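**Student:** can't give you the sequence, but here's the structure:
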């Protein structure tokens, strides 16, 4: 299996772009580890993820009608290599991925880190009396005055 | 007749439906009063009520949100569009292909969706009672209606109302058991959807029993007028739906002459009157059901619809 | 938590692009593990960790099923080389009918456990809410779609021509999934759990479409199969849109109030108007209301169901209308579920201090939600172009394309035949908008424009305690009483305080998930019992271990003797 | 002449299996060590005879190694260890001798059946015979390790198992010397480790009973 990425069928530039997108996402994941602690880190990561997803969405939409393209990448099983194929069904699936990512990433920018969804604590149905929910301030959830006027 | 003629008929139908809706309700109330040996208000009383409400000022609860003010218009619009798509005096309307029976059912569902939300908006427990029960009733009535649509679609091989009416009119479908089941199921669903006696009492003021009334408790002035009109339009829709599918005689075919159209209107008016009297008779002869007997009532309608569909397979393929 | 987000996206994209079993499973497992890491990102809360573990178990089970399925598919090839693992080799020599049937079952298990088909859905209401909102939006909106893609790729593309009965198991699982999913959503009081359970319902609708496509394709009606498959794919796109929108709204509410329980929210429309508007569009779309996109895919599915009498097989003829009834029931219950969710969270009066001091979400959130809401409306109004775009994917799978919808007059869609049925989202929207504005004009022109604010009439009762409003449990009480009593063993218990004690009485609702009670709990007990007994092996002494080694050796020799 | 070679090899291998049974039978440590030395002698003879039969000179080296280490050095070391440890000379068995003997017979039968079936294609009867006996010596050695409580007797079981390996190696044609040496030396290393291990046990718990270790290993599950 030659080391370079041989292309059996006509591998449209779209497929190579998509592979580049996936590789970029994986690199972003690796890069995000040191960034996680820095202040602007999450914004940078989510912004980059949003950009890549928009790119993927674009290429997927453009290749909905196109002829299927396939690609064999060196990493993968010895005789088989990592085979990738972009046909219409894969394009529809990618639309979903790209769209979801492109919408979720900007949303995540607005979602301050450290806001534990369970922060308000579990609890069965609302207690009879008005809950005196005093809660330490943790970034996003506003601190609630201990006693709320009945 | 061309497009303009078609448009004319379509707009004539929409205007006719809108104009006669309060009259139909007036006739039903008058008939019920007479059956209960009461004088009863005049047949035109609903018009006066609507006019009075239009002139009064709208009192909104402090907690009412923009949705509360916009909901009546959306509810009225959805119901009016649905009513306009049901052929009354002529089939083959210009816009009949924009929507079929499933879309009409869904339009009524969206009207109910916004009505239930508006009911909950003010934040009183009565709005909650109304919306909660309305949603329970609709979660059974809508599947029954859709099973009805299946039966009609299997008989007429189409869900377009005008095509269904055409098939019923011309091809001599003949008496079929499944159609009879479908008729009974449609009547039951119509009673449930319009909040008539066995399910909900339209003229009640006893909080615990009301469903439709509880949701619109906080409305007043023009908003209440919109919702009342929407309710009356829905009654006209269901009666003309029953008329056009099961009593299709007198429907003017597409592109018919003005005379045929006039005959169509008369036939339709007659059907509406007979329908109103039957409804009044039915309502005075039955008492309101407990809320939790309603699921059995509507469950029966769903089973009738499903049975109708399955019976149709048997009769069609034998 | 941050690095796993791009990894999760990369994994999903890799699965979709994979053209051989190894890359597919590699991407699949990569996606599962990344999403597991995201689910337990808030590991401070105990229930998140439990949810993560249950999710990991189900993900492993799903991958095992898919691995076996690919093994069967690859077995078709002649030589025992790795080349057989590539999808093109699998397509070249399809599996034997028996192997194909087993592959269908395995694909249903594998993809079904990830998508959330009923018996295997138990992890979904636990895992999706545990993740941060943007991740649960991705998991519900996109990851379940990757599972559906996996099912379609294996069953429609690789497993060769379907047998006549292939539609039956899929429909038998999909119908109950739709109804059970939405009924379970009605019982929940946590916003994100309601959304996760409604994902189960939408997956049921998608698999009904897939089951219909299988049934029609196998019984010689490829045109209707194309319609059913298009309906399923259309609903895949729709669900990705409005479910992400709803999860973003839930996230915005969570950020604004720090509260997930519906019983503590209420009246948020006053504080968060734009979020409320976007959520209204999302709720209306998922309840399949006409001008929006949810209705179009359900309408197409119903059109496919209406064509069932053409099928020669009696079983399918009876099964499909029954599944249609289940679908209609699920649609109506979905509307009830989202009236409840929207009404209790956004309308009414705030039920807690947190809800009363909520603030509107920030710019990014609102733009993300607004864009998705506009897409929902666009897909609802212009279904034709979307259907044509999907034909590229449908044609190779069922062999035939649906008739072109893009160019039809007035943007309407006619799936099968002119006289049969047609729907025009655009005109319906125009009519509603026109008549609503007409009515508004008439009121402003003739009616009185005076508006006065006054305390709510409420039949004269002065009570202003916000807890007197309907809560999540009380709104679902009629539906719980009608549907939930048998299936979910829903019980309401009232605990009265001892006489003389002034403590308030409490009414609590208890329900259990039948899949958990009858399938997974006994399984868990059996496993722990077995492992209890097997635990003794860990505490043998050296000599016993030697005995074990010796026993194994002797056993192998005996086998060798008997078998060689 | 051919069958004489076969007969003697057959005799020596058979004797080794017999001695393995003897090992199982012994109940005193001193006797046990001496019987082990006897088995080592037989092994050396058998390897030497194989060397003569296959006229492979390197087998003589193996025979010499076996003779020096297994007949002289190891038994003497074990004897001194037993004396220094001062442990009681009784060989505690887990299962009484009768069932152990029956199990041994069963094992020999099994190894014969297996080896004859597995090597059915081989022409050379001598090698097949040798391998069969070697496998039974190995299995008997393993059985001894399992049914003995005393660490020293387990060591001897392990050593007789190793003898079986050497016998098999010698029997198989053309096994290079390297393998034999490595096998031998691995056993020696194992012996050293076990030896030190036994001394450690002796210091800490003043008993060599393996079950006694059990108490200090952490609670049951």
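**Tutor:** In hand now; what should we look at? Fair warning: this is a prediction, and the values are worked out from it, not measured in the lab.
**Student:** return the helix or strand in chain D with minimum mean pLDDT.
**Tutor:** Of all regular secondary-structure elements in chain D, judged by mean pLDDT, DSSP states H and E, the least confident is helix D:177-205 with a mean of 65.
**Student:** can you give me every residue that contacts the spatially closest residue to residue C:386 that is not a sequence neighbour?
**Tutor:** Leaving out its chain neighbours, the residue that sits closest to residue C:386 by C-beta to C-beta, 6 or more residues apart in numbering or on different chains is residue C:379, at 5.7 Å. Any C-beta I mention is one placed from the backbone N, CA and C, and that applies to glycine too. Remark: with contacts taken as C-beta atoms under 8 Å, 6 or more residues apart in numbering or on different chains, residue C:379 is in contact with C:237, C:238, C:241, C:293, C:296, C:386.
**Student:** where is pLDDT lowest across these?
**Tutor:** The member of the contacts of residue C:379 with the lowest pLDDT is residue C:386, at 86.
**Student:** tell me which element that one falls in.
**Tutor:** For residue C:386, the element it lies in under DSSP states H and E is helix C:383-398.
**Student:** check which residues of that helix are buried.
**Tutor:** For helix C:383-398, a neighbour-count test (16 or more other C-beta atoms under 10 Å in any protein chain shown) marks C:383-384, C:386-395, C:397-398 as buried.
**Student:** the inter-axis angle of the next helix or strand after it versus helix C:383-398?
**Tutor:** If you walk from helix C:383-398 toward the C-terminus, the next helix or strand you reach (DSSP H and E) is helix C:425-446. Here the directions of helix C:425-446 and helix C:383-398 differ by 160 degrees (axes from the mean of the first three to the mean of the last three C-alpha atoms, to 10 degrees).
**Student:** next, the buried residues of helix C:425-446.
**Tutor:** For helix C:425-446, the neighbour count (16+ other C-beta under 10 Å) marks C:425-432, C:435-436, C:439-440, C:443 as buried.
**Student:** contacts for that helix?
**Tutor:** For helix C:425-446, contacts defined as C-beta under 8 Å, 6+ apart pick out B:54, B:73-74, B:76-78, B:80-81, B:84, B:95, B:98-99, B:103, B:107, B:222, B:225-226, C:290-291, C:295-296, C:377, C:380-383, C:410-412, C:449.
**Student:** one more time with 7 Å
**Tutor:** Under the criterion C-beta atoms under 7 Å, 6 or more residues apart in numbering or on different chains, residues B:54, B:73-74, B:76-78, B:80-81, B:95, B:98-99, B:103, B:222, B:226, C:290-291, C:296, C:380-383, C:410-411 lie in contact with helix C:425-446.
**Student:** spit out the contact partners of the residue in the stretch 1-150 of chain B that chain D sits nearest to.
**Tutor:** Using C-beta to the nearest C-beta, the closest approach of the stretch 1-150 of chain B to chain D is made by residue B:139 at 52.1 Å. Residues counted as contacts of residue B:139 (C-beta under 7 Å, 6+ apart) are C:332, C:333, C:336, C:479.
**Student:** need the pLDDT of it.
**Tutor:** Predicted confidence (pLDDT) for residue B:139: 91.
**Student:** and for residue C:444?
**Tutor:** 85.
**Student:** what of residue C:538?
**Tutor:** According to the per-residue confidence, residue C:538 scores 78 in pLDDT.
**Student:** with the one 10 residues further on instead?
**Tutor:** According to the predicted model, the pLDDT of residue C:548 comes to 86.
**Student:** I'd like the distance between it and chain B.
**Tutor:** Noted for residue C:548: a distance of 60 Å to chain B, by C-beta to the nearest C-beta, to the nearest Å.
**Student:** phi and psi next, for whatever residue of chain C ends up closest to chain A.
**Tutor:** Chain C approaches chain A most closely through residue C:258 (2.8 Å), counting by C-beta to the nearest C-beta. Per-residue torsions, residue C:258: phi 70, psi 20 (degrees, to the nearest 10).
**Student:** I figured it hits residue C:354, correct?
**Tutor:** Yes: under the contact definition of C-beta atoms under 7 Å, residue C:258 touches residue C:354, with a separation of 5.8 Å.
**Student:** which residues touch stretch D:22-42?
**Tutor:** For stretch D:22-42, contacts defined as C-beta under 7 Å, 6+ apart pick out D:12, D:15-16, D:19-20, D:66, D:70-71, D:75, D:78-79, D:82, D:89-91, D:97, D:100-101, D:104, D:140, D:144, D:152-153, D:156, D:159-160, D:163.
**Student:** list only buried entries from the residues you listed.
**Tutor:** Buried members of the contacts of stretch D:22-42, counted by 16+ other C-beta under 10 Å: D:12, D:15-16, D:19-20, D:66, D:70-71, D:75, D:78, D:82, D:91, D:100, D:104, D:140, D:144, D:152-153, D:156, D:159-160, D:163.
**Student:** just give me the neighbour total for the closest residue to residue C:121 other than its chain neighbours.
**Tutor:** Nearest residue to residue C:121, sequence neighbours excluded (C-beta to C-beta, 6+ apart): residue C:200, at 4.9 Å. If you count neighbours by other C-beta atoms under 10 Å in any protein chain shown, residue C:200 ends up with 25.
**Student:** and if you look at residue C:448?
**Tutor:** Look at residue C:448: counted by other C-beta under 10 Å, it has 15 neighbours.
**Student:** and if you look at residue C:508?
**Tutor:** The number of residues packed near residue C:508 is 12, by other C-beta under 10 Å.
**Student:** what's the helix or strand for it?
**Tutor:** Secondary structure (DSSP H and E) places residue C:508 in strand C:506-510.
**Student:** residue B:287 looks like it's in a strand, true?
**Tutor:** No: Residue B:287 sits outside any strand when classified using DSSP: H, G, I helix; E, B strand; the rest coil, being coil.
**Student:** now it: phi and psi?
**Tutor:** Listed backbone geometry of residue B:287 is phi -100, psi 160, with angles given as degrees, to the nearest 10.
**Student:** ok, the one 10 residues further on next?
**Tutor:** The phi and psi values for residue B:297, taken as degrees, to the nearest 10, are phi -60, psi -50.
**Student:** which ones are touching it?
**Tutor:** With contact set as C-beta under 7 Å, 6+ apart, residue B:297 has these partners: B:188, B:198, B:289.
**Student:** run the last query once more with 10 Å
**Tutor:** Shown in contact with residue B:297 (C-beta atoms under 10 Å, 6 or more residues apart in numbering or on different chains): B:137, B:140, B:141, B:188, B:191, B:192, B:198, B:199, B:289.
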